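# got a sequence here, can you build the structure:
(4 chains)
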There are 2 protein chains.
Amino acid sequence: MRRMTARPANAHQARLLRLLRDGGPNSRAQLGDQIDLSRSKLAVEVDRLLETGLAVADGLAASRGGRRSHNIRLAPNLRFLGVDIGATSVDVAVTNAELEVLGHLNQPMDVREGPVVVFEQVLAMAAKLRASGLAEGFDGAGIGVPGPVRFPEGVPVAPPIMPGWDGFPVREALSQELGCPVMVDNDVNLMAMGERHAGVARSVGDFLCVKIGTGIGCGIVAGGEVHRGVTGSAGDIGHIQAVPDGRPCACGNRGCLEAHFSGAALARDALEAAQQGLSAELAARLTANGTLTGVDVAAAAAAGDAIALGLIREGGNHVGQVIAGLVSFFNPGLVVIGGGVTGLGHTLLAAIRTQVYRQSLPLATGNLPIVLGELGQNAGVIGAARLISDHLFSPA
Amino acid sequence: MRRMTARPANAHQARLLRLLRDGGPNSRAQLGDQIDLSRSKLAVEVDRLLETGLAVADGLAASRGGRRSHNIRLAPNLRFLGVDIGATSVDVAVTNAELEVLGHLNQPMDVREGPVVVFEQVLAMAAKLRASGLAEGFDGAGIGVPGPVRFPEGVPVAPPIMPGWDGFPVREALSQELGCPVMVDNDVNLMAMGERHAGVARSVGDFLCVKIGTGIGCGIVAGGEVHRGVTGSAGDIGHIQAVPDGRPCACGNRGCLEAHFSGAALARDALEAAQQGLSAELAARLTANGTLTGVDVAAAAAAGDAIALGLIREGGNHVGQVIAGLVSFFNPGLVVIGGGVTGLGHTLLAAIRTQVYRQSLPLATGNLPIVLGELGQNAGVIGAARLISDHLFSPA
DNA sequence: GGAACTTTCTCCTCTCGCAGGACAAAGATG
DNA sequence: CATCTTTGTCCTGCGAGAGGAGAAAGTTCC
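Okay, here's the model as predicted:
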C-alpha cells in the first residue's frame, strides 16, 4: 500500500502547496497575488506541480473582469492520517490535502498497554477508514502522544503516564507499517496546531492552548511556531504547584495542578461527594453508571447541582491561577481552553477568566481573549495532519 | 556629530558582518569555511565591505600551512552606545563593533523624574565618554528601559514604575539627539541578549534570564530569539502570585513575587529586622549608613548573620518556586540569575536550585544548569549594543 | 638552498534562475 | 461589434554565483 508521492522540488513549490492547502483552490492569478514571483516563473512552478501530480487543474475560476482563469487545487486523492492518542481513548481521522476531515473514528483505549498493543488498534482503525473508501492509501501521518517527545526523532521520552513507551521508535515503526512518512509530537502541541490551522487561533502568532483532559498540558505557539523546549517537555504544566502543601500527586510532590483539577481529579472529587451524600444528582448518576466521570459532573452542573458547580468553579480557580502566571510570563495574544473538560463550558471558563483578569497586569490582559477551542475532538487530528503536511510541503 | 555609516547591501554582507562581530578578525579563508559561498563570490562581497569602510584589512593571519592570508576585521572606529536605564541608576557604555566595552559609566538616577530629565543625563554621560577619546561619534545606540516596550516603534507602554514614560517616543527622540539609529527594548531582554552574546548563555538557544533588582523580570530566549509577547510585556514575572494571600503589592494584588523578594522587599525586611533588634549585624549597618539595601544584607550574610541568611533563603525559595513553574512550562536549557542581587551569591542560588530541582519534573531539570550571570553590570549595555548591531548588520 | 606540496587569491567563463516585456487568447462591457 | 481588462505564453536579457585554471605566497622535508 506504499504510495510514491512526489515532494516539492524547491521553496517556491513548497510555498505554493501551502497556499493551496490553507486557501483552497486558487487560480494562477490569485496565487500570483499572494507570492512574490514573476508570472513566467509562477507558471513554470505551477506546471511542474501539475506534472508531478501534486496539484491538478480544477475547472474555471470566477472572472475578475477579464479572461477567466483555470483553478488549481491540490491533488484530490492525497490523504493524510491524523492520530491522536490520549490516555484512555484514541482518535484516528483521514483528511484530504486541505486538511478537511473526511472520516473520523474514536475508540476507547488504554495507553498503558504499551505501544505494540495501541498501534495494532490504530492500524486496524486506519485500515477500517481505508476500507470504507475514504482513502486508497496514506501519503503521510501525524501522531500525537500524551507525553514529551524528542521531536526530530519522533520518540517519546520518559512519559509519566505511558509506561513502556519510553524510547519506543514511534516514527520509525509507524512509517514502516503505514508505508508513508510519519511525524510525532505531543498531543497538546497538535491541538494547538489544529486550532491555529482551522480553529479559533487562525492568524494568531503567539498563543497558549491549555488542554484539560485526564491530565493538563499547554501548547505554546510563539511567532507562529510551536515551542517544544530543549527536551520536548515544554508546556508540561500539570505539575506546577497550584496549592502550597496541597494534595499529594503521583509525581511525588504536593499541590500539583493536576492533583487538584483534571479529568481524573474531578471524577474522584465527584465520587467522594456522591458517597458522602452531599449531592443527590451525583449520587443518582453513580448508582446508574457505577462510576463517575467529568461528563457526569458536567451534566450535574447543567442540572443546577451546587456541588458539581462548586467543583468546577474551584478547579477553574486553580487552573486560572496557573494560567494567570503563564500569561504574565508569556504575554500571549490568545488563550484557548480545550480537551475533555470542554463540556464544563462556561462555568469553567468564567472561573478561569476571573482569576486571569484579576491576577495578571492590565497590559497583558487588556486585549486577551480566553476562549474555548472550537474544533473539539477534531483539533488533535487536524493538528496531526497539519504537522505531517508541513513536513511534506517543504523542500526535500 | 552625525555619522554616515554604510549598511550591508545584501544578506551575504550582513552575514559576514555578524561573523566578524561574533568571531573577531578572520581571514577570508576562515570566513569561507563558515559561510556557504564560492571563493569568488566571497571575495566580491568582502571587497565591497572594504570599499564601503565597514571592514578593514588588518595584518596577516596565522598560517594554516600554506600561503598566509590577510585578516579582515570590522572598522575599528565603529562605535555603539549601550544604555541601560534602571529604576535607580543608569549605565552607559561605549563598545567597538565587536561589542567589547571600551568605556563604562554608572550613575545614580531616578527613573521617575521622567524621560526628559533622564535623557539629559544619559546624553551628558555619552558626551563624557566621547570627550574622553573613546569615540568620535556613535554609529548606533541600544537603549534598555525597565518596563514593557512596543518594540517596533521603540516606545514604552504603560510602564508601572516609570510614570511619565508611557508613550514617550524614546527611539525617535534619541535618534534625533544622537544622530544615529536607535533601538529600544526592555532591560531584562537586553541582559539576556548580553549573556547570550558574551556571557554564560553563549550557544544556548532556549533559556531564561531572571533579573532580580529593584523589581523582578525575566528575559525569554526561544530558538535564539528574544520572545517579547504581543504587547512587549512578556517576562513580567514580578506580579506572579508567589504566596497565596501574601503581602499586599503596589499592583493591588496580594502575594506577588516582587512583594516578597526583590531589592526593595529585601531592604524593607532587613530594616524591620534591624529595628526589632533581631540582628546585631544589620542594626550596626543601619546606624552606620542610616539605611539598608541589598548590599548590606549580602554583607551581613557573608559575615554569618543568621537573620540575613534567612531572608535570602526565604526569598530564594519564593523565586525558586516561581522559576520551577516557568521551567516546567518553558523547558529551557539554562536559567541565568542576574541583576543587583547577584551579590547574594550562592546562598540565593542554592535556595533557588533546591526549589526548582525539587518541584520540576526530572525530564525538564535533568540537565538544567542554574547559574549566575557572568557579565554583571556589563550585561545590559552589551545586550544593548548587540541589539543595535543586529539591526545595523542586517540587509537595509 | 631547493623541490614539492599547500593554501590562498584572482580572473574568467559558463550556467541558471528569474524578471519583465511583447503578444496572443479569452472574456467583460456597453 | 469595438474596446478594455485580465490571463496565459513566449522570448530575451540581466545578474548572481559556481567552479576551474593559474598565479602568488608559504611551509616542509631532504
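
# domain map for chain A?
With domains defined by automatic domain parsing, chain A comprises A:11-74, A:80-196+A:378-392, A:201-372.

# out of the ones you listed, which gets nearest to chain B?
domain A:201-372 (2.5 Å; C-beta to the nearest C-beta). C-beta here means a position set from N, CA and C on the backbone, and glycine is covered the same way.

# okay, the domains of chain A in JSON lines with mean pLDDT and distance to B:Pro108 next?
JSON lines is the format used below for those (pLDDT from 0 to 100; distance: least, C-beta to C-beta, whole Å):
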{"stretch": "domain A:11-74", "mean pLDDT": "92", "distance to B:Pro108": "52"}
{"stretch": "domain A:80-196+A:378-392", "mean pLDDT": "96", "distance to B:Pro108": "46"}
{"stretch": "domain A:201-372", "mean pLDDT": "91", "distance to B:Pro108": "27"}
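
# mind putting those in JSON lines, distance to B:Phe393 and mean neighbour count included?
Shown next, in JSON lines, are the domains of chain A (distance: least, C-beta to C-beta, whole Å; neighbours: other C-beta atoms under 10 Å in any protein chain shown):
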{"stretch": "domain A:11-74", "distance to B:Phe393": "24", "mean neighbour count": "16"}
{"stretch": "domain A:80-196+A:378-392", "distance to B:Phe393": "30", "mean neighbour count": "21"}
{"stretch": "domain A:201-372", "distance to B:Phe393": "21", "mean neighbour count": "21"}
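
# got the angle for the lengthiest helix in chain A vs helix B:306-330?
In chain A, with assignment by DSSP state H, the single longest helix is helix A:306-330. Put simply, helix A:306-330 runs at 100 degrees to helix B:306-330, going by axes from the mean of the first three to the mean of the last three C-alpha atoms, to 10 degrees.

# out of the domains of chain A, which gets nearest to DNA strand C?
domain A:11-74 (3.0 Å; C-beta to the nearest atom of the strand).

# sorry, back to before: so does the longest helix of chain A get close to chain B?
Yes: judged by C-beta under 8 Å from any C-beta of the partner chain, helix A:306-330 and chain B are in contact via A:321-322, A:324-326, A:328-330.

# can you give me phi and psi for whatever residue of chain A ends up closest to DNA strand D?
For chain A, the residue closest to DNA strand D is A:Gly66, as judged by C-beta to the nearest atom of the strand, at 1.9 Å. Main-chain dihedrals, A:Gly66, degrees, to the nearest 10: phi -150, psi -150.

# gap between it and A:Ile370?
47 Å (C-beta to C-beta, to the nearest Å).

# could you do A:Pro160 as well?
27 Å.

# ranges for the strands of the stretch 201-350 of chain A?
A:207-212, A:216-222, A:225-226, A:335-338 (DSSP state E, counting those that start in this stretch).

# can you lay out those strands as JSON lines showing distance to B:His391?
Below are these laid out as JSON lines (distance: least, C-beta to C-beta, whole Å):
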{"stretch": "strand A:207-212", "distance to B:His391": "27"}
{"stretch": "strand A:216-222", "distance to B:His391": "21"}
{"stretch": "strand A:225-226", "distance to B:His391": "22"}
{"stretch": "strand A:335-338", "distance to B:His391": "32"}
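
# out of the ones you listed, flag the one nearest B:Leu375.
Between B:Leu375 and the strands of the stretch 201-350 of chain A, the shortest separation by C-beta to C-beta is 25.4 Å, and it involves strand A:216-222.

# and that closest one, what does it pack onto?
helix A:187-198, strand A:207-212, helix A:306-330, helix B:306-330 (3 or more C-beta pairs under 8 Å, 6 or more residues apart in numbering or on different chains; DSSP states H and E).

# hmm, who's touching that strand?
Residues from elsewhere that reach strand A:216-222, judged by C-beta atoms under 8 Å, 6 or more residues apart in numbering or on different chains: A:146, A:186-193, A:196, A:201, A:204-211, A:226-227, A:234-238, A:257-258, A:261-262, A:319, A:326, A:330, B:222, B:227, B:329-330.

# compute the inter-axis angle for that strand and strand A:207-212.
170 degrees.

# who does strand A:216-222 pair up with?
According to DSSP bridges, strand A:216-222 has the following sheet partners: strand A:207-212 (antiparallel), strand A:225-226 (antiparallel).

# starting at the chain centroid, how far to that strand?
Its chain's average C-alpha position is 10 Å from that of strand A:216-222, according to C-alpha atoms, centre = their mean, to the nearest Å.

# mind putting the residues of helix A:306-330 next to chain B into TSV with distance to DNA strand C?
Output for these, formatted as TSV (distance: C-beta to the nearest atom of the strand, whole Å):
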residue	distance to DNA strand C
A:Gln321	51
A:Val322	47
A:Ala324	47
A:Gly325	46
A:Leu326	42
A:Ser328	44
A:Phe329	41
A:Phe330	37
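
# could you export the residues you listed as a markdown table, including distance to B:Val122?
Below are the residues of helix A:306-330 next to chain B laid out as a markdown table (distance: C-beta to C-beta, whole Å):
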| residue | distance to B:Val122 |
| --- | --- |
| A:Gln321 | 40 |
| A:Val322 | 40 |
| A:Ala324 | 36 |
| A:Gly325 | 34 |
| A:Leu326 | 35 |
| A:Ser328 | 29 |
| A:Phe329 | 30 |
| A:Phe330 | 31 |
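
# ok, and which of the residues you listed reach DNA strand D?
Among those, proximity to DNA strand D is found for none (C-beta under 7 Å from any atom of the strand).

# and the residues you listed, which two are furthest apart?
Checking the residues of helix A:306-330 next to chain B with C-beta to C-beta, the most distant pair is A:Gln321 and A:Phe330, at 15.2 Å.

# contact residues of chain A facing DNA strand D?
A:27-30, A:32, A:39-40, A:43, A:64-70.

# quick one, helices of the stretch 151-300 of chain A?
A:170-178, A:187-198, A:257-260, A:263-275, A:280-289, A:294-302 (DSSP state H, counting those that start in this stretch).

# any chance of these in a markdown table, with distance to A:Pro115 too?
Below are those laid out as a markdown table (distance: least, C-beta to C-beta, whole Å):
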| stretch | distance to A:Pro115 |
| --- | --- |
| helix A:170-178 | 7 |
| helix A:187-198 | 15 |
| helix A:257-260 | 23 |
| helix A:263-275 | 22 |
| helix A:280-289 | 31 |
| helix A:294-302 | 26 |
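
# coming back round to it: looking at the domains of chain A, which is nearest to B:Val116?
Going by C-beta to C-beta, the one of the domains of chain A nearest B:Val116 is domain A:201-372, 23.3 Å.

# just say helix, strand or coil for A:His104.
Secondary structure, DSSP: H, G, I helix; E, B strand; the rest coil: A:His104 is strand.

# now do the SS call for the nearest residue to it once chain neighbours are set aside.
Among residues not flanking A:His104 along the chain, A:Ala93 sits closest, at 4.3 Å (C-beta to C-beta, 6 or more residues apart in numbering or on different chains). Three-state assignment for A:Ala93 (three-state DSSP): strand.

# quick one: contacts for A:Ala6?
A:Ala6 makes contact with A:52-54, according to C-beta under 8 Å, 6+ apart.
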